[in-house]
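Student: build the 3D model from these lines:
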Amino acid sequence: MGLLTSLKDSISRVTDGLFAADEPKRIGIYGPPNAGKTTLANRIARDWTGDAVGPESHIPHETRRARRKENVEIERNGRKVTIDIVDTPGVTTKVDYKEFLDHDMDKEDAVRRSREATEGVAEAMHWLREDVDGVIYVLDSTTDPFTQVNTMLIGIIESQDLPALILANKTDLPESDVQQIANAFPQHETIPLSALEGENMDEVYTKIAEYFG
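Tutor: Numbers count the residues shown, from 1 in each chain. Okay, here's the model as predicted:
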């Protein structure tokens, strides 16, 4: 009887593993506010499903709740991967309602937005620690990447042993400096792109299939 039970358990573990392998990988898109995370998420989703993930905006913290696009199938060079894209709110150490006043918001709306953005940061951190299988980390290549938030998040990603792809976004802008991002995180490969213009997306898709497939 014990042998039969042991055999059933072994078969169950193998079967569970086979089915788990077919499940989409949950890939979180992370980075600071206004790095172009939602623009990238929409680019990927539109290219492979025809749909968008969420609205894009120049106003900080437009994404204040994680948004998910499921079953995005990407195929490159004989590799195929099915992912669920998780577009997360921009992570920062402080959300000040005053920064929204510069975008023609009244104080009440600015305070509400800052509260929602703060809650969104907490949600993004929960996803990172509990619910993603890999990370696409998006940085604005026109800004200095040596920040407390970036160092902290990359450290958490590494401590979780998650596969991570670092993207240097906004290469369409003249002040773009991809090398400063590569220098900041030399332990990771840095891929340049413009999510807005769709520049170098072929390499991005090749790396997604390679890293997460």
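Student: what residues does I166 make contact with?
Tutor: Listed by Cβ atoms under 8 Å, 6 or more residues apart in numbering, the contact set of I166 reads Y137, L139, I181, F185, H188, E189, T190, I191. (Each C-beta comes from the backbone N, C-alpha and C, glycine too.)
Student: quick check: it is in a helix.
Tutor: No. Under DSSP: H, G, I helix; E, B strand; the rest coil, I166 sits outside any helix and is assigned strand.
Student: got phi/psi on the residue most central in space within the chain?
Tutor: The centroid of the chain falls nearest to I29 when counting by Cα atoms, centre = their mean (0.6 Å). When read as degrees, to the nearest 10, the backbone of I29 gives phi -100, psi 110.
Student: and after the host helix or strand of R26, which helix or strand comes next?
Tutor: R26 belongs to strand 25-30 when assigned by DSSP states H and E. Next along the chain after strand 25-30, taking DSSP H and E as the criterion, comes helix 37-49.
Student: now that following helix against strand 25-30, angle please.
Tutor: Comparing the axes of helix 37-49 and strand 25-30 via axes from the mean of the first three to the mean of the last three Cα atoms, to 10 degrees yields an angle of 150 degrees.
Student: which neighbouring elements make contact with helix 37-49?
Tutor: Counting contacts by 3 or more Cβ pairs under 8 Å, 6 or more residues apart in numbering; DSSP states H and E, helix 37-49 packs against strand 25-30, strand 67-76, strand 79-87, strand 134-140, strand 164-169, helix 201-212.
Student: the same query, at a cut-off of 7 Å, please.
Tutor: Helix 37-49 is packed against strand 25-30, strand 67-76, strand 79-87, with contacts defined by 3 or more Cβ pairs under 7 Å, 6 or more residues apart in numbering; DSSP states H and E.
Student: could you pull out the buried residues of it?
Tutor: Buried residues in helix 37-49, counting neighbours by 16 or more other Cβ atoms under 10 Å, are found at K37, T38, T39, L40, A41, N42, R43, I44, A45, W48.
Student: if you average pLDDT over that helix, what comes out?
Tutor: Taken as a whole, helix 37-49 has a mean pLDDT of 95.
Student: kindly export that helix (C-alpha atoms) in CSV.
Tutor: Taking Å, rounded to 0.1, in the frame of the first residue of the first chain, the C-alpha atoms of helix 37-49 are listed here in CSV:
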residue,chain,number,x,y,z
LYS,A,37,6.9,51.2,-18.7
THR,A,38,3.4,51.5,-19.9
THR,A,39,4.5,52.6,-23.3
LEU,A,40,6.7,49.4,-23.5
ALA,A,41,3.8,47.2,-22.2
ASN,A,42,1.5,48.6,-24.8
ARG,A,43,4.1,48.2,-27.5
ILE,A,44,4.6,44.5,-26.6
ALA,A,45,0.9,43.9,-26.3
ARG,A,46,-0.1,45.6,-29.5
ASP,A,47,2.7,43.9,-31.5
TRP,A,48,1.7,40.4,-30.4
THR,A,49,-2.1,40.6,-29.5
